[in-house]
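In: Fold the following.
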Amino acid sequence: MILWFNEALLPDGWAARVAVQISGDRIVAVTPGADPAKADERHAVALPGLANVHSHGFQRGMAGLSAVAAPGGDDFWSWRTVMYRFLDRLDPDDVEAITAFACVEMLEGGFTRLGEFHYLHHDPDGRPYAARAEMAGRIAAAAQAAGIGLTLLPVFYAHGDFGGRPPGAGQRRFITDPDGFARLVEDSRALLAPGDTLGIAPHSLRAATPDELTALLPLMAGGPVHIHAAEQLREVEASIAALGARPVEWLLANMPVDRRWCLVHATHMTDAETAALAASGAVAGFCPLTEADLGDGIAPADTLLHCGGRLAIGTDSNILIDAAGELRQLEYAQRLKRRQRNILASANCPSVGRWLFEAALAGGIRRWARPDRPGWRRAHRPISSPWPPIIPHFTARQAIAGWMAGSLPRARRRSTPSGAPGASAWPADGIWRATPSPCATAGRWPRWRRDDRTAHPGGYRRQDPRRGVEARPPHPL
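Out: Predicted coordinates:
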């Protein structure tokens, strides 16, 4: 099939009258300056999808549950306690259902590839499932059902804090040892769909000792490495006490950090650390909406980008899944910090939206691109609709700025896997109803309904045609 666009953002810039040829679920050719054929499907503007480099899919089901003030105040650590209570109630069906729903929202919100930082390995009692990679398989199945590209990042988590301290009871579903983790990685590899990739994710310097971290690196096998670093000031202080250096400082000095690495959050870095991270070629995986929700702090995105560093964005806790919202929050946080406007831009590209979009796009490509896999990536068909009447003056080149600013309603940005005709989604009476394509009957596209008048998370329902039953995430509290 061929999709024809009035304008499209290509690797070398905007192009007019662009024909995109799709075979299966892959883009195989892009031809600028083409005339549309009668059978071509026509659209206004094409933008490349972004990579969501850091997500914990199951946490989508607890969005809002921690928004209750506790005596003595709340922070990341009190939120983590609520998260532990929530995950204690999740079985594999729940995790698959919640993650698939999150994947659908990612496609709706501008992401076309997911990096799933997957640490929920064991049953609620902390025992491995009969199939060691049971939960990894559910993540892979959820991504395949939704149609999003997947980079699966099994997490190594062995300790409760720096110095190899024993894990707490709330962490029992995460814990593994190096040998068990190696088997988990190998078992996970067989579960991936063609085009999906596998990496590894030592959780953090809190959860993996330096010796363990060194022992894990051979498991990379050319894939990416993701690690939480410097998200919390308490973590930075504990790292200095245990290792004699700040987390990012220690990683850059002691590990072979290069373009294959993603340091997630990197919120609390000195200027020297930020410059060194930029020089390493590694990507900083910022998750601005989650970092704001948890009160983590403001990442030095302005310093990183002006040092020539690379960033990508992730949805992390999935409190809200919206690529434009992540980019907007990243810019707005810098404005609050510096009390100025239009921070993340340059003389060569003064548009904040365009500059941030292309920075996140390049950082995501840097994370997932594999030299042994040339060619165009997975295709997702847009759902076409006219410009909202409130902004008829927008040009295609202003589309990114309008999208990031929130001027383009979310319902007009829906996408489905290529070859899934007939999908639509429109608001009516406070309810979002998504009606997918006929391929749902073949078990390839889960049917969803979100009822905004039903208490969360019980309002999220998945009707899985493969099983013929409805799975509903339980209310945990």
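
In: From now on I want contacts and neighbour counts done on CA atoms only, so please keep to that.
Out: Noted.

In: Run a quick neighbour tally on residue 140.
Out: Look at residue 140: counted by other C-alpha atoms under 10 Å, it has 24 neighbours.

In: Please, which helix or strand holds it?
Out: Taking DSSP states H and E as the definition, one finds residue 140 inside helix 134-146.

In: so what strands line up beside the helix or strand just after that helix?
Out: Counting by DSSP H and E, the next helix or strand C-terminal to helix 134-146 is strand 149-156. When sheet partners are counted by DSSP bridges, strand 149-156 sits next to strand 111-118 (parallel), strand 197-198 (parallel), strand 201-202 (parallel).

In: would JSON lines of these with mean neighbour count, distance to residue 30 and mean pLDDT be doable?
Out: Converted to JSON lines, the strands paired with strand 149-156 look like this (neighbours: other C-alpha atoms under 10 Å; distance: least, C-alpha to C-alpha, whole Å; pLDDT from 0 to 100):
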{"stretch": "strand 111-118", "mean neighbour count": "26", "distance to residue 30": "18", "mean pLDDT": "96"}
{"stretch": "strand 197-198", "mean neighbour count": "22", "distance to residue 30": "24", "mean pLDDT": "96"}
{"stretch": "strand 201-202", "mean neighbour count": "26", "distance to residue 30": "35", "mean pLDDT": "98"}
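
In: which one of these lies closest to residue 252?
Out: strand 201-202 (15.0 Å; C-alpha to C-alpha).

In: other SSEs contacting the helix or strand just after that closest one?
Out: Remark: after strand 201-202, the chain's next helix or strand is helix 210-216, criterion DSSP H and E. With contacts taken as 3 or more C-alpha pairs under 8 Å, 6 or more residues apart in numbering; DSSP states H and E, helix 210-216 sits against helix 178-189.

In: what mean pLDDT does the helix it packs on have?
Out: For helix 178-189, mean pLDDT is 98.

In: now the strands for the stretch 201-350 of the chain?
Out: Counting by DSSP state E, counting those that start in this stretch, the segments of the stretch 201-350 of the chain that form strands are 201-202, 225-229, 261-265, 283-286, 310-313.

In: on that earlier part again, just want the angle from the helix holding residue 140 to strand 149-156.
Out: Interaxial angle of helix 134-146 relative to strand 149-156 (axes from the mean of the first three to the mean of the last three C-alpha atoms, to 10 degrees): 170 degrees.

In: Off-centre distance for helix 134-146?
Out: Distance of helix 134-146 from the chain centroid (C-alpha atoms, centre = their mean, to the nearest Å) equals 15 Å.

In: for that helix, packing partners?
Out: helix 92-108, strand 149-156.

In: And that helix, what's buried?
Out: By neighbour count with 16 or more other C-alpha atoms under 10 Å, helix 134-146 contains the buried residues 134-146.

In: of all the helices and strands packed on helix 134-146, which lies closest to residue 22?
Out: Closest approach to residue 22 among the helices and strands packed on helix 134-146 (C-alpha to C-alpha): strand 149-156, 15.9 Å.
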